[in-house]
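1. Provided below for reference: sequence and predicted model.
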Amino acid sequence: MAKNFLKVTCKDCGSEATIFSRATSVISCGVCGATLSTPSGGKADLVGCTVLETLE
């Protein structure tokens, strides 16, 4: 099972963050507080961000 991290940018403020691709909790932007991803039982659903690159 691949354990990938994602480098993402917030759609609201443009800040960058690194998140786990299979996050089991809600991930919020550290700058503006917008929701970046929500858990879905597998890969996290990316709701408020855009993926810049996949880190392994």
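-> Yep, that arrived.
2. so who does the residue nearest to residue 21 when sequence neighbours are not counted touch?
-> For residue 21, ignoring the flanking residues on the chain, the nearest one in space by CB to CB, 6 or more residues apart in numbering is residue 4 at 4.5 Å. C-betas here are computed from N, CA, C, even on glycine. Taking CB atoms under 8 Å, 6 or more residues apart in numbering as the contact definition, residue 4 lies against 20, 21, 54, 55, 56.
3. just the buried residues from those, in ChimeraX please.
-> Those of these that count as buried under 16 or more other CB atoms under 10 Å are selected in ChimeraX with:
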select :21
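4. looking at the contacts of residue 4, which is nearest residue 34?
-> Comparing these against residue 34 with CB to CB picks out residue 20 as the nearest, at 17.8 Å.
5. now do the same contact list for that closest one.
-> Counting by CB under 8 Å, 6+ apart, residue 20 touches 3, 4, 5, 6, 44.
6. point out where the chain drops to low pLDDT.
-> Counting by pLDDT under 70, the chain contains low-confidence ranges at 1-3.
7. what about the strands in it?
-> Per DSSP state E, the chain has strands spanning 5-10, 16-20, 27-28, 35-38, 45-46, 49-55. These are given in chain order.
8. make TSV from the contacts of residue 20 and add distance to residue 14 to it.
-> As requested, these are exported to TSV (distance: CB to CB, whole Å):
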residue	distance to residue 14
3	27
4	23
5	20
6	16
44	20
